[in-house]
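> Please work out how this folds:
(chains A and B)
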Amino acid sequence: MTEHELLTALARRKGRERPLAGPVEWDPGPSLPAVSPEWGLDALWERFALELEKLGGRPYRAATLAGARAYVVRASAEAARRAADGSVPPASRTETPAAPAGSGEGGQGGGGAPAARAGARPVVVATADPAVLALGLDAALGESGLDLALWGSAAPDDPGAGAPEASLPAQAKHLAARAVAGITGVDWAVAETGTLLLGSGPGRGRVVSLLPPVHIALIRPSQLLPSLAEAFRRAGQALDLPSSLVLITGPSRSADIENDLSIGVHGPAAVHAVLLPE
Amino acid sequence: MSAGPFTERVSRALADARLRGALRFTTDRLFRMRRQAMEVLRASAEQGLALGDFERVRARAAAIRQHAVAHLDYYLGQAAEQIQRRGGQVYFARNAEDVGRVVLEIARRRGADLVVKSKSMASEEVHLNQILARAGIEAVESDLGEYIVQLAGETPSHIIIPAIHKTREQVAELFGRVIGHALSADTPTLTAVARQVLREKFLRAGIGVSGANFVVAETGTLVLVTNEGNGRLVSSVPPVHVAIVGIEKVIPTLADLSPLLAVLARSATGQQITTYTHLITGPRRPGELDGPEELHVVFLDNGRSRILGSEYEQVLTCIRCGACLNVCPVYRQIGGHAYGGVYSGPIGAVITPLLGGRQEWSDLPMATSLCGACHEVCPVGIPLHDLLVRLREENVAAGRTEGGERLAMRLLAWAWSRPWAYRLSGRIARWLQRGFFAGSAAGDGCWSERGPGPLAAWAAGRQVPVLAPRSFRELWGDLVAEPAGPAAAVRAAREQPEQSGASGPDGPGGGR
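Just a heads-up that it's a prediction; the model follows:
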């Protein structure tokens, strides 16, 4: 059935000869509160942390950049430890050595995913957000025996530097799937509900906050908003929405087995939110 | 579907004590959490964070949905245009066959033999999994509950918690069969197995299939909410994303999403917001390394356009939260399978006959006590009980009732429109029941485990209310005769518990 057939049928059901063409009068204004409360940073963070903790998330307010760095390294090391002893569900126990044919991504490339080699160091994957780059995590993680892979650059232990361009997405995907933690910045964070908003873009892979068992989000003070309504107001005012904008509120959860809460069935089982200093 | 199978399904459900226990536990839990969430919403509104309390937000949510549905031709056209402008492909499917053709063509072109799905009511409506299986393509449900139900070869029994009817031991056995060894039945073990098995499927799948909770017309944005994250995975990891969406899901602007999400999560699970809300605007863009290379949106009619412009139009505003299931005295007893269709509960009793045929599904509008609890909790204010009555009226007008029922109704209509005959009917009923209920197991004299004649079927699954020994009309005569008048007498009666008139036929019935 064509679009014209359907829209005409719909119009006729509403007593119109043909589909409405011109803009329909509609005021979205009443969908949002007229004004948002003006909360200071302390009040915003207090509510955000409270809400995130209720859901089993872990908020941390860093006094200094060094403190933030130390926290991220600690959280990453803990993630690596738990992935090794299996106390959190590993991202991908059944390692996929190469992108399988038929996946449509670099099936012939041979580059594929960097395989987990015996003795290979755990990988932490991170987006190329300014907040992440500003933290200078590479050396600090390295001292703790962890490798940092920035989204979009080659995997640290991947010898296939000359792999065909087409297999880069497949590499990135499988790298994120075996990472012990994913570190990202945010677009906004919402105090009302403890929600993180992450948009996609170059350097900002959407699976960094999705495939690893642990997600560590870095928040700048100016990114804290009082309410979800305010976040929707900002998103609506933006010139262009990213291809993916996700609202993350706590760890992945399910109650599908006898109403019993289970954490981390698909997304991260742990969510850390780190407030950076002003 | 004739009367037989429906009553058989109901009997089967009523005889399943474990199912009824699980239903009661789940629906009570969801209802309690919903109520707490509404209190949190009120507090947030007082702080200026939210638009208002539940009544205020639901009024806005209802207005948005009604406006969008009333101008569906415009908003659907706008949504399609915007999706295409962002590089997505748009299709319009009249029915299951059309959806199958579109999806199979994409799978053939991509050489995909594995499809991962997140929960999509639209795809269940058209039985997409069977269509794919016939073409030799494996389709895996990734919502934990849907995966359990799929492994068991069954259908969901609750719109939000699909495997409400399975025990953890049954889940452990199903998962054990998948990985080839026995499993302990604790939640962390079962969760870890599901994560491992399904993660491998996600990484290998050629196509991800989802539905959409909303489509923002202004921006061409698909909105997908899940608590587990599978909605993000199907729309981020496979190289192709296909969304199968009912045509009624469009809303005008991004701002309108705010009140709708606010009532959706609170009504469904009592959360302030679902864990993951994914806004998808077109496929992967230049410079991005992940997200689908191709985005296909299939708008499904499947009978919806026939509802538009009819007296049932408001059902198209439904946002599929499941709140009406949890409060329904009928659903709470029989569960989702007894309804026989994809949608259950009060909303299922209305839309299944509308989409699937009033003749075939003529039993479903009878599966209601008409108490109106569904309307009271509906986040977009659909008058479900009114619509059920209208469907019943249609059944009567079309002669889809039995001879005995027609005779009884005619008799009642005759008798109860004449005061003397009405009074007489009450006296006769009380006289008749005296012989029957004498010696019945009813503890307080208000309820009975057995019922005479046609009430026997009723009593098989619940207690029968017993008529009070004296009617209200008879009591009223005495009350007026009291020196201080009826008001004082009523006050006095209230202070005295165990008044026989306190719990008449309209007492706390229905199992709520």
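> residue of the stretch 151-278 of chain A with the smallest distance to chain B?
Residue of the stretch 151-278 of chain A nearest chain B, by Cβ to the nearest Cβ: A:G267 (2.8 Å). No exception for glycine: its C-beta is placed from N, CA and C like everyone else's.
> correct me, but that residue touches B:T275?
Yes: using Cβ atoms under 8 Å, A:G267 is in contact with B:T275, at 7.4 Å.
> Let me know the helix or strand that residue 67 is in.
You didn't pick a chain, so chain A it is. Using DSSP states H and E, the element containing A:G67 is helix A:65-85.
> sorry, should have said chain B
B:H67 belongs to helix B:54-70 when assigned by DSSP H and E.
> I would like the residues contacting the helix or strand that that helix is followed by, please.
As assigned by DSSP H and E, the chain's next helix or strand after helix B:54-70 is helix B:72-85. Residues outside helix B:72-85 that contact it (Cβ atoms under 8 Å, 6 or more residues apart in numbering or on different chains): A:3, A:6-8, A:10-11, A:14, A:16, A:19-21, A:24, B:68, B:90, B:215-222, B:247-248, B:250-252, B:282, B:295, B:297, B:299, B:308, B:316.
> Mind checking which of the residues you listed are in strands?
Using DSSP state E, the members of these that fall in strands are B:90, B:215-216, B:221-222, B:250-251, B:295, B:297, B:299.
> Neighbour count added to those, as TSV?
Output for the ones in strands among the contacts of helix B:72-85, formatted as TSV (neighbours: other Cβ atoms under 10 Å in any protein chain shown):
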residue	neighbour count
B:V90	18
B:V215	29
B:V216	27
B:T221	26
B:L222	27
B:V250	26
B:I251	28
B:L295	25
B:V297	23
B:F299	28
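> Among the residues you listed, which pair sits farthest apart?
B:I251 and B:L295 (18.9 Å; Cβ to Cβ).
> As a check, name the ranges of all strands in the chain.
I went with chain A, as the question did not name one. Ranges of strands in chain A, per DSSP E, are A:58-61, A:123-126, A:147-150, A:181-185, A:188-190, A:195-199, A:214-219, A:224-225, A:244-248, A:253-257, A:260-263, A:270-275.
> was after chain B, sorry
So, for chain B - with DSSP E - the strands run B:89-93, B:114-117, B:138-141, B:207-210, B:214-216, B:221-226, B:240-246, B:250-251, B:276-280, B:294-300, B:447-448, B:464-465.
> wait, isn't A:A235 in contact with A:L241?
Yes: counting by Cβ under 8 Å, A:A235 touches A:L241, with 6.8 Å between them.
> Can you work out which residues contact both of the two?
By the contact definition Cβ under 8 Å, 6+ apart, A:A235 and A:L241 are jointly contacted by B:254, B:279.
> do you know how far B:G100 is from B:I137?
As for B:G100, its distance to B:I137 is 11 Å (criterion: Cβ to Cβ, to the nearest Å).
> Oh, that last question was meant for B:L355, not what I typed.
From B:L355 to B:I137 the distance is 26 Å (Cβ to Cβ).
> Spatially, what comes nearest to A:S252 if we skip its sequence neighbours?
Excluding the flanking residues, the one nearest A:S252 by Cβ to Cβ, 6 or more residues apart in numbering or on different chains is A:G267, at 3.3 Å.
> Tally up the residues packed near that neighbour, please.
30 (other Cβ atoms under 10 Å in any protein chain shown).
> how about low-confidence regions in chain B?
Filtered on pLDDT under 70, chain B yields the residue ranges B:1-4, B:435-445, B:452, B:489-490, B:492-512.
> Could you list the domains of chain B?
For chain B, the structural domains run B:50-307, B:408-494, going by automatic domain parsing.
> Could you identify which of these is most buried?
Stretch with highest mean neighbour count among the domains of chain B: domain B:50-307 (a mean of 22; mean count of other Cβ atoms under 10 Å in any protein chain shown).
> How far off centre is it?
17 Å (Cα atoms, centre = their mean, to the nearest Å).
> Helices of the stretch 1-150 of chain A, residue ranges please.
A:3-13, A:41-54, A:65-85, A:130-133, A:137-143 (DSSP state H, counting those that start in this stretch).
> Just put these in a markdown table and tack on mean neighbour count.
Output for those, formatted as a markdown table (neighbours: other Cβ under 10 Å):
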| stretch | mean neighbour count |
| --- | --- |
| helix A:3-13 | 18 |
| helix A:41-54 | 18 |
| helix A:65-85 | 18 |
| helix A:130-133 | 17 |
| helix A:137-143 | 16 |
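> of all those, which lies closest to B:I334?
Smallest distance to B:I334 across the helices of the stretch 1-150 of chain A (Cβ to Cβ): 33.6 Å, for helix A:3-13.
> That closest one near chain B at all?
Yes: applying Cβ under 8 Å from any Cβ of the partner chain, one finds that helix A:3-13 is in contact with chain B at A:3, A:5-11, A:13.
> List of residues touching stretch B:301-315?
Here stretch B:301-315 makes contact (Cβ under 8 Å, 6+ apart) with A:1, A:6, A:9-10, A:13-15, B:66, B:69-70, B:72, B:92-96, B:122, B:125-126, B:246-248, B:316, B:347, B:350-351, B:354-356, B:382-384, B:387, B:390.
> B:L479 versus the residue of chain B found nearest chain A, what's the distance?
Chain A sits closest to B:G229 of chain B, with a gap of 2.8 Å, by Cβ to the nearest Cβ. B:G229 sits 63 Å away from B:L479, going by Cβ to Cβ.
> Same question for B:L370.
Per Cβ to Cβ, B:L370 is found 30 Å from B:L479.
> swap in B:T167?
54 Å.
> if we can go back for a sec, pLDDT score for the residue nearest to A:S252?
Listed pLDDT for A:G267 reads 96.
> burial of A:L148, as a residue count?
Taking other Cβ under 10 Å as the criterion, the count of residues near A:L148 is 20.
> hang on, A:A179 packs against A:P212?
Yes: A:A179 is within contact range of A:P212, at 4.4 Å (criterion: Cβ under 8 Å).
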